[in-house]
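Participant: 3D model of this:
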Amino acid sequence: MNRSAGFHLSEVAQDARRVFDKFQAGRYDDGSEFGDLQIELEHLMGHLALAWHFAVRTDEQIDALSVEEFGKLMNAIPQLGLNQQLVEPWDKVI
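Facilitator: Next comes the predicted model:
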């Protein structure tokens, strides 16, 4: 695995721990910080997507990405074959 994919996986681990700690501390219980949760989860998803996309690229290919290409990869959530589906925020799935 290249350095960039590893970096983004490390960021996922650190950020997920921080979000989990906020949950444990009850920071989201009253709903006042729920917008923060949405931003934090979006941040995590971006790192996961980049780790996935960067795992099959060389460091040189990653370094050559334009800002636009980087943004597209960050927002391209891979379908990993686990029957996952993207839904709109707050959609009732069940």
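Participant: List phi and psi for Gly81.
Facilitator: With angles defined as degrees, to the nearest 10, Gly81 sits at phi 80, psi 20.
Participant: Pro78 now?
Facilitator: Residue torsions, per degrees, to the nearest 10, at Pro78 are phi -70, psi 140.
Participant: can you check the one 5 residues further on too?
Facilitator: Dihedral angles of Asn83 (phi, psi; degrees, to the nearest 10) stand at phi 60, psi 30.
Participant: Report the contact partners of the residue lying farthest from the centre of the chain.
Facilitator: Within the chain, Asp30 marks the point farthest from the mean C-alpha position, 24.4 Å out by CA atoms, centre = their mean. Residues near Asp30 by CB atoms under 8 Å, 6 or more residues apart in numbering: none. C-beta coordinates here come from the backbone N, C-alpha and C atoms, glycine included.
Participant: Trp52 now?
Facilitator: Trp52 makes contacts with 5, 78, as judged by CB under 8 Å, 6+ apart.
Participant: Ok, the one 10 residues further on next?
Facilitator: Applying CB under 8 Å, 6+ apart, one finds that Ile62 lies in contact with 2, 4, 54.
Participant: Distance check, the last one against Asn2.
Facilitator: Using CB to CB, to the nearest Å, one obtains 6 Å as the distance from Phe54 to Asn2.
Participant: So for those two, which residue has more residues nearby?
Facilitator: Set Phe54 next to Asn2 and count neighbours by other CB atoms under 10 Å: Phe54 wins out with 23 against 15.
Participant: what stretches of this protein score poorly on pLDDT?
Facilitator: Within the chain, the stretches with pLDDT under 70 are 1, 32-34, 88-94.
Participant: Look up the closest residue to the residue most central in space within it, ignoring the ones flanking it.
Facilitator: Central residue of the chain (CA atoms, centre = their mean): Met45, 1.6 Å from the mean position. Excluding the flanking residues, the one nearest Met45 by CB to CB, 6 or more residues apart in numbering is Ile77, at 6.3 Å.
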